[in-house]
Every structure is written in C-alpha cells, then in structure tokens.
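My questions are about this predicted structure, shown below with the sequence.
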Amino acid sequence: MKATTIAAQFEHYRADVIPAEAPAVQVEECRRAFYAGSYAMLINIAESIGDDSTDEEEGVAMLEALKAECETFAAAILDEATPPAPAAPSAIAKAGAGYNVRSTEVESALRELAALVKPRVPRGFGFTLLLFSYGRTGLSNEGPQGSMFYISTADRDDMVQALREFINKQVP
C-alpha cells in the first residue's frame, strides 16, 4: 500500500474540519500546524523507532502507543463537541405555565442546532439557545401561551443569571 502524501491528508482534514468560509490566514495557519505536527511525528519515529537500538517488536509497540495517544486525543475532541442534553424541566416551574413540556422532536432539534453552534463559539464563552412556540402547539402539559425549550452549555443557575442580566440591560 502506498503512503498518502501529507498534502492529501491535509486536504481531507481541511474538508472535514475547517469551515468552508474560513479566512485564508486560518487555513494557512492550520496547514502549517498540520505539517509541523507531521514532521515532528516523522522525526520522533526516525530517531526512536528507526534506529538500530530498537527491535521490531518494540518498534511496533511504540507505533501502537502513538496511535492510541492520537485516538484518545481525537475521542476527547469529539466529546467536547457533543452538545449538552436539553435541560430537564425545573421542579419549581409553575404547573401549566408551559415549562414542564417534553418533546423528543423539539429536544432532538435543539441538540442538532447546538452541535452546529458549539464548535463556532470562541473558547471561554458559552451559549443558550431558546426555542419557543407562537402559541399553543398541542404538546402535553403546554401552557396557554405555548411552550419553551432551551439548551445551554452553562449550568441552569448561571444561564438564568445571564438572562436576567441581559433583560435588565434591555429594560430602561
């Protein structure tokens, strides 16, 4: 089997990871980091596995350990990109106010939207996405004004506090 070039591997990485609308400087910096990482790996292998002091069995074990390290890193990235589940209805929500509503369809839509939003949120920031109906939709336990759902990267109390602060700044 012939080895794939680093350029070809980067193009796959670019298509899978870098947003299509990314500025040229972002693409170039990612390309440089990709090549630097590839070079560092090649040098590591050449100096620690490719010399005469390493037998074949030990070399294979070292390669498997490097592969496992990369796979662990990739799995952690995937875990970070997984959006949180929609918040469960609060125990203190007023009965019939529309906040004890559950809908697998709406909650699934929120997870999908959050999965699109979360990777674009700058490090150190969180988000809350509110989804509300324009009046009653017929969902069970829905209040007279309809229903509301949310998903957030923040704890409920922090999200509620942030919303209060936002509302207070909007009201003169």
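Noted; the coordinates are in hand.

Only C-alpha atoms from now on, for both contacts and neighbour counts.
OK.

buried sites along the helix or strand bottoming out on mean pLDDT in the chain?
Ranked by mean pLDDT, DSSP states H and E, the weakest helix or strand in the chain is helix 56-81, scoring a mean of 78. Going by neighbour count (16 or more other Cα atoms under 10 Å), the buried part of helix 56-81 is 59, 62.

packing partners for that helix?
In terms of contacts (3 or more Cα pairs under 8 Å, 6 or more residues apart in numbering; DSSP states H and E), helix 56-81 is packed against no helix or strand at all.

Measure how the following helix or strand past it sits relative to helix 56-81, angle-wise.
For helix 56-81, the following helix or strand on the C-terminal side (DSSP states H and E) is helix 104-117. Per axes from the mean of the first three to the mean of the last three Cα atoms, to 10 degrees, the angle that helix 104-117 makes with helix 56-81 is 120 degrees.

Now do the buried residues in helix 104-117.
Buried, per 16+ other Cα under 10 Å, within helix 104-117: 106, 107, 110, 111, 114.

JSON lines for the residues you listed, including pLDDT?
JSON lines is the format used below for those (pLDDT from 0 to 100):
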{"residue": "106", "pLDDT": "81"}
{"residue": "107", "pLDDT": "83"}
{"residue": "110", "pLDDT": "85"}
{"residue": "111", "pLDDT": "86"}
{"residue": "114", "pLDDT": "85"}
